[in-house]
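Engineer: Predicted model and sequence below, questions to follow.
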There are 2 protein chains.
Amino acid sequence: MTGPDPDDLTARARIRDAALLHFGEHGFERATIRGIAETAGVSSGLVRHHFGSKQALREACDAHLVKLISRLNDQVRADPAPADVNYVAAARAAIGPYQRYLARALAEGGAAPLFDAMVRMSEPWLADADKSRDHTPDVDRTTRAAVTTAMALSVTVLHQHLSRVTGVEMFSPEGDLLLARALIDIYSHPMLSLEEAASIRAALDKVQSASPQADRESTPPRIKEHRDD
Amino acid sequence: MTGPDPDDLTARARIRDAALLHFGEHGFERATIRGIAETAGVSSGLVRHHFGSKQALREACDAHLVKLISRLNDQVRADPAPADVNYVAAARAAIGPYQRYLARALAEGGAAPLFDAMVRMSEPWLADADKSRDHTPDVDRTTRAAVTTAMALSVTVLHQHLSRVTGVEMFSPEGDLLLARALIDIYSHPMLSLEEAASIRAALDKVQSASPQADRESTPPRIKEHRDD
DNA sequence: AAGGATGCTACACGCGTGTGTAGTCACCGT
DNA sequence: ACGGTGACTACACACGCGTGTAGCATCCTT
């Protein structure tokens, strides 16, 4: 369940795992090398010995996660029965205790190769979906894949809020199930009809051609000020 | 464009704005009171004088943003022509320079009242959409609203990645436009057909009734280990 | 068996930081 | 005119932190 191993691993691996945990729990800045060392059951100096610096430790964490995820990706890719939405659930489950780290890393702009890999991973799937479309989409596939990926990851990144609002811890079997159902529902019911979409798109075109790049627009209401400064 | 004011505001307001900026740019921990004070053009002591502590300053920033957003919400709500997706664009535009702060705050679990407000804000819209559905959804509306909100916010939170992948800065007019088009496309084309959705749902039900709560499940493949620890 | 690399610890330094304290200046009510 | 309240500054303290250094034990190599 915990994955690979009891608690006897290489000290280096134990430190890395502890770092993943601490970084995820307290954030990079707030996490301390001493705290990580304590969790790993080693001295603080050993952390430096193995990783050189705190920043390097962070990068090692990123690298480890990337390796783990791409391994999972390959495995799913080789699977004969691609279970659509279960991609997400499976990924989240495999990441296991590292979800909080992943969330933070992504939110802070880190784990870029990981995000990129996920985008690449979702593109072929999107390509399949495109085949059954009437008109060709007016946004390139990569952009749509990126946005789609971001949306899929939002659940991980904003899990605290989802847990609070729904009253169900998202990083739990129960949460996984609720989430899966919600996603299936959302993914199978478009928020916009094709007519609405076309109408909005037309409005967008008009606005754009009116002021090609001049001032902001497409942002209808200017927020009104309130005297409290 | 910059919003309300030149650079002569109450010092308190200037400090708050500077804090919003610094927190957004460097993160809460990494941002320093001295740096904020310098940007605001005041002494570091004055920051403490007005806000008491760094944490309190952060809370003041949150409160300010909540007020700003709810003001915007009221305004959009009173608008006769609700422009669907433009909700997002309008909100993002109004938040203006604070988007980075917002992204960080949300990712770290803060700004809870703000997220909640957004969920409440999206529920009636979802209610409308539900009217034209054949079967009643098997997930309660609040949960779906929360997930939908999270997805909408993912663009803000993960803007760095989107900018990198697409090559277009997301917090720019150009990015707004690209994003709007992508969202329209995504929102108007379901990723799952109703049949696929039903099929996955059925699979989910089976799995769940097989092991009501026992072990994990719904997470098909266990990730295979690799010797490098 | 010598010798060197490696895993690991203990301890100390220095810097940046939030915070606390004292003091100055200006405005305002009475 | 005069106390007093609030905006604002300068300076110092203490602490936690990342980092550096020196040293010890263990194991592998030849």
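Structural biologist: All right, it came through fine. Given the structure is predicted, the values throughout are model-derived calculations rather than measurements.

Engineer: So the lengthiest helix in chain A, near DNA strand C or not?
Structural biologist: For chain A, the longest helix by residue count, based on DSSP state H, is helix A:54-78. No - judged by Cβ under 7 Å from any atom of the strand, helix A:54-78 stays clear of DNA strand C, getting no closer than 12.4 Å. For glycine as for every other residue, the C-beta is placed from the backbone atoms N, C-alpha and C.

Engineer: Just checking, which helix or strand succeeds the helix or strand bottoming out on mean pLDDT in chain A along the chain?
Structural biologist: Every helix and strand in chain A was compared by mean pLDDT, DSSP states H and E; the lowest is helix A:86-95, with a mean of 62. Following helix A:86-95 in sequence order, the next helix or strand is helix A:99-107 (DSSP states H and E).

Engineer: tell me the angle that next one makes with helix A:54-78.
Structural biologist: Relative orientation of helix A:99-107 and helix A:54-78, computed by axes from the mean of the first three to the mean of the last three Cα atoms, to 10 degrees: 100 degrees.

Engineer: Is the helix or strand just after helix A:99-107 positioned near chain B?
Structural biologist: Counting by DSSP H and E, the next helix or strand C-terminal to helix A:99-107 is helix A:112-131. Yes - residues of helix A:112-131 contacting chain B under Cβ under 8 Å from any Cβ of the partner chain: A:112, A:115-116, A:119, A:129.

Engineer: Let's have the residues you listed in TSV, adding distance to DNA strand D, pLDDT and neighbour count.
Structural biologist: Output for the residues of helix A:112-131 next to chain B, formatted as TSV (distance: Cβ to the nearest atom of the strand, whole Å; pLDDT from 0 to 100; neighbours: other Cβ atoms under 10 Å in any protein chain shown):
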residue	distance to DNA strand D	pLDDT	neighbour count
A:112	21	88	16
A:115	25	90	23
A:116	27	92	16
A:119	32	92	24
A:129	45	84	16
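
Engineer: and of these, the nearest to chain B?
Structural biologist: residue A:115 (4.5 Å; Cβ to the nearest Cβ).

Engineer: tell me the contacts of the residue lying closest to that closest one once chain neighbours are set aside?
Structural biologist: Here the nearest residue to residue A:115 in space, its sequence neighbours aside, is residue B:161; by Cβ to Cβ, 6 or more residues apart in numbering or on different chains that works out to 4.5 Å. Applying Cβ atoms under 8 Å, 6 or more residues apart in numbering or on different chains to residue B:161 gives the contacts A:106, A:109, A:112, A:115, A:146, A:150.

Engineer: Assign residue A:139 to one of the three secondary structure states.
Structural biologist: The three-state label given to residue A:139 by DSSP: H, G, I helix; E, B strand; the rest coil is coil.

Engineer: any idea how far chain B is from the closest residue in space to residue A:51 that isn't next to it in sequence?
Structural biologist: What sits nearest to residue A:51 in space, not counting adjacent residues and going by Cβ to Cβ, 6+ apart, is residue A:57, at 4.1 Å. Residue A:57 is 16 Å from chain B, where distance means Cβ to the nearest Cβ, to the nearest Å.

Engineer: how about low-confidence regions in chain A?
Structural biologist: A:1-8, A:79-94, A:207-229 (pLDDT under 70).

Engineer: one more time with 80
Structural biologist: A:1-9, A:70, A:72-96, A:110, A:134-135, A:204-229 (pLDDT under 80).

Engineer: how about the residues of it that lie near DNA strand C?
Structural biologist: By Cβ under 7 Å from any atom of the strand, the part of chain A that sits against DNA strand C consists of A:10-12, A:41-46, A:49-50.

Engineer: and if we set it to 10 Å?
Structural biologist: A:9-15, A:29, A:33-34, A:37, A:40-50 (Cβ under 10 Å from any atom of the strand).

Engineer: from these, which are also near chain B?
Structural biologist: When Cβ under 8 Å from any Cβ is applied, the members of the residues of chain A next to DNA strand C adjacent to chain B are A:9-10, A:12-13, A:29.

Engineer: The residue nearest to residue A:115 is in what secondary structure piece?
Structural biologist: helix B:159-166.

Engineer: before we move on, back to that, what's the ChimeraX line that selects buried ones from the residues of chain A next to DNA strand C?
Structural biologist: Here is the ChimeraX command that selects the buried residues among those (16 or more other Cβ atoms under 10 Å in any protein chain shown):
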select /A:11,12,13,14,15,33,37,40,42,46,47,50
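
Engineer: can I get the CA coordinates of stretch A:132-139 in CSV?
Structural biologist: Provided in CSV are the C-alpha atoms of stretch A:132-139 (Å, rounded to 0.1, in the frame of the first residue of the first chain):
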residue,chain,number,x,y,z
SER,A,132,-15.6,13.0,-34.7
ARG,A,133,-16.0,16.7,-34.9
ASP,A,134,-17.9,18.6,-37.6
HIS,A,135,-15.9,21.8,-37.9
THR,A,136,-12.2,22.0,-37.3
PRO,A,137,-11.4,23.7,-34.0
ASP,A,138,-10.1,27.2,-34.3
VAL,A,139,-7.6,26.7,-31.5
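
Engineer: Show me what that stretch is in contact with.
Structural biologist: In contact with stretch A:132-139 (Cβ under 8 Å, 6+ apart) are residues A:130, A:144, A:201, B:178, B:181-182, B:185, B:189.

Engineer: and the contacts of residue B:161 as TSV, adding distance to residue A:125?
Structural biologist: TSV is the format used below for the contacts of residue B:161 (distance: Cβ to Cβ, whole Å):
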residue	distance to residue A:125
A:106	20
A:109	25
A:112	21
A:115	16
A:146	13
A:150	15
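
Engineer: Counting neighbours, which of the contacts of stretch A:132-139 end up buried?
Structural biologist: Among these, those buried by neighbour count (16+ other Cβ under 10 Å) are A:144, A:201, B:178, B:181-182, B:185, B:189.

Engineer: Those in helices, which ones?
Structural biologist: Per DSSP H, helices hold the following members of those: A:144, A:201, B:178, B:181-182, B:185.

Engineer: Of all pairs in those residues, which one is the farthest apart?
Structural biologist: A:144 and A:201 (14.3 Å; Cβ to Cβ).
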